[in-house]
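A.B. asks: got a sequence here, can you build the structure:
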Amino acid sequence: MTDPVTGDEGKKALAIYILLIVSMMAVGVLTMPVAVIMTCFGLIKRSTPRWVRSHYWFQLRNILVFVISIAAIFAMLPGVAAEVRWAGYVFLAGVIGLALFIVRCFWGLVILNRRQPIPLWLV
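C.D. replies: Residues are numbered from 1 along each chain as shown. Next up is the predicted model:
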């Protein structure tokens with residue numbers, strides 16, 4: 001059985017998805033910057049196939065979802081915004097954002113495994 005993610009760029013995109021999923025653990029401080037750098041270099045490279053380039057853009061948007069979600073969660077910790085009535089809603093939005101991040105990463109992995117570009121409506 002052959003690996004559907006062939007080529008150097010497809011393997012890089014796969015590695016970035018794995019780094020993004022691992023970033024949900026405590027090692028996110030280390031893996032997220034590595035994923036950002038790898039994604040940016042993949043976008044800069046002119047020889048990157050179009051279908052892999054769509055995955056790189058999708059990964060950058062996943063990183064943005066992750067950063068906004070973490071910022072919402074940390075901004076609403078009890079010591080930071082204990083007196084604000086809507087703090088619980090912002091915290092909940094951060095948790096929902098992290099769940100969305102995980103779903104988007106796995107969805108991107110499935111599409112990458114099929115060697116297809118990310119659909120525009122999903123980005």
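
A.B. asks: what's the mean pLDDT across the strand or helix carrying Gly97?
C.D. replies: Using DSSP states H and E, Gly97 sits in helix 87-113. Average pLDDT, helix 87-113: 89.

A.B. asks: ditto for stretch 75-83
C.D. replies: pLDDT averaged over stretch 75-83 gives 64.

A.B. asks: how confident was the prediction at Val36?
C.D. replies: With respect to pLDDT, Val36 has a value of 93.

A.B. asks: kindly report the same for the one 5 residues further on.
C.D. replies: Phe41 is assigned 93 on the pLDDT scale.

A.B. asks: how about it, secondary structure?
C.D. replies: helix (DSSP: H, G, I helix; E, B strand; the rest coil).

A.B. asks: name the nearest residue to Ala71, sequence neighbours excluded.
C.D. replies: Gly94 (7.6 Å; CB to CB, 6 or more residues apart in numbering). C-betas here are computed from N, CA, C, even on glycine.

A.B. asks: tell me, how many residues neighbour the one you found?
C.D. replies: Gly94 sits with 19 neighbouring residues when counted by other CB atoms under 10 Å.
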